[in-house]
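Undergrad: Next come a sequence and a model predicted from it.
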Amino acid sequence: MNIAVLGAGSWGTTLAVLLAKKGYQVRLWAHRPEFAFMLDAERQNLRYLKGVPFPDTLQVTHHLPLLVSWAEMIVTAVPSQALRETIFGFKDIALDGKIVVNVAKGIEIGTGKRMSEVLLEVLSDLQPSRVAALYGPSHAEEVSKNQPTTVVASSPSLSTAETVQEIFHTNRFRVYVNTDIIGVEIAGSVKNIIAIAAGISDGLGFGDNAKAAIITRGLAEISRLCSKLGGDSVTISGLSGIGDLVVTCLSQHSRNRYVGEEIGRGRTLDEIISSMNMIAEGVHSSRAVYELSRSVGVEMPITKAVYQMLFEAKPAQQAILELMNRDLKQERD
């Protein structure tokens, strides 16, 4: 199978290397021509994934339409807010029979759409049954070192999900399947916001009790939004839900947790973002999910607090105090 991986960040590069090592014909697409030339010359991604050499069979390109025409499977690994612009570049290419696997986690600002919805809206030739999401607790830093990792491939079509499962699975990268792509995408996107909240708690010097509360009540927010949008709340207890939530809230590799920690220490969002090498998806998702929650009438107090701290300059201590002093409720609420 010919596989195109769109996006030469750490995750896109990791998956391109994984698939090439399995023997597939893989081409990695970089948005900037000069970056593509650099990757091809150095045969590793020194900017985002230093120390992981490219297999000889892995090719690098910046010619998007030609790449999509060649590929039988397209893996979209660009940042969530760049997905629409990227795929617009090949919206007129025939996609009959091709599978598109999205691995970027986020909700689009302004539309509130999940990534599979963006794909189907822009790519009119793409069949819903040929769209999949590959989500789960999977930091590129660990996968690239062949450390054991487990994820879930989700698609409205079980057959498509199973195809993705077979293609990506290795003896160190285990892939499960399900057909609840709504639940998988919501869980995998909102968890980044909760991870920022967990990082803020760390930055403020709070302990394990506070972090456990954030993770647990954050899971409740994810479940409420998932159910409201037509997903299966059972999905939230799986790899894309609690699995990804826990690793993102606790891991030293988590960019979202790092952003939160720095906010808790008193730095501004602009200062933090300008010093980072890669994108923390939860920053953009906090705006998109906050707006989405308001439009569909789902209460998400942690998400609201993160949005206010990031974009309305609300002091972290004040936001936490307001969360703790909300009206008393039953745990199921």
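TA: Thanks, I have the structure now. The structure presented is a predicted model; accordingly, all values stated were derived computationally and were not measured. Numbering: from 1, shown residues only.

Undergrad: Could you use CA atoms for every contact and neighbour count after this?
TA: Fine.

Undergrad: Which residue is the nearest non-sequential neighbour of residue 148?
TA: residue 172 (4.6 Å; C-alpha to C-alpha, 6 or more residues apart in numbering).

Undergrad: Give me the distance between the one you found and residue 16.
TA: Taking C-alpha to C-alpha, to the nearest Å as the measure, residue 172 falls 15 Å from residue 16.

Undergrad: out of the two, which sits in the busier spot?
TA: residue 16 (30 against 13; other C-alpha atoms under 10 Å).

Undergrad: Figure out the helix or strand that that one lives in.
TA: Taking DSSP states H and E as the definition, one finds residue 16 inside helix 10-21.

Undergrad: which stretches of the protein form strands?
TA: For the chain, strands defined by DSSP state E occupy the ranges 2-6, 25-29, 44-45, 49-53, 59-61, 73-76, 99-102, 131-135, 149-154, 173-178.

Undergrad: okay, those in TSV with distance to residue 307, mean pLDDT and mean neighbour count next?
TA: Converted to TSV, the strands of the chain look like this (distance: least, C-alpha to C-alpha, whole Å; pLDDT from 0 to 100; neighbours: other C-alpha atoms under 10 Å):
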stretch	distance to residue 307	mean pLDDT	mean neighbour count
strand 2-6	29	98	25
strand 25-29	33	98	25
strand 44-45	33	97	20
strand 49-53	30	96	14
strand 59-61	37	97	22
strand 73-76	27	98	24
strand 99-102	25	98	26
strand 131-135	24	98	27
strand 149-154	28	98	24
strand 173-178	31	98	18
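
Undergrad: Export those to CSV and append columns for distance to residue 270.
TA: As requested, those are exported to CSV (distance: least, C-alpha to C-alpha, whole Å):
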stretch, distance to residue 270
strand 2-6, 27
strand 25-29, 29
strand 44-45, 26
strand 49-53, 24
strand 59-61, 32
strand 73-76, 27
strand 99-102, 28
strand 131-135, 28
strand 149-154, 32
strand 173-178, 36
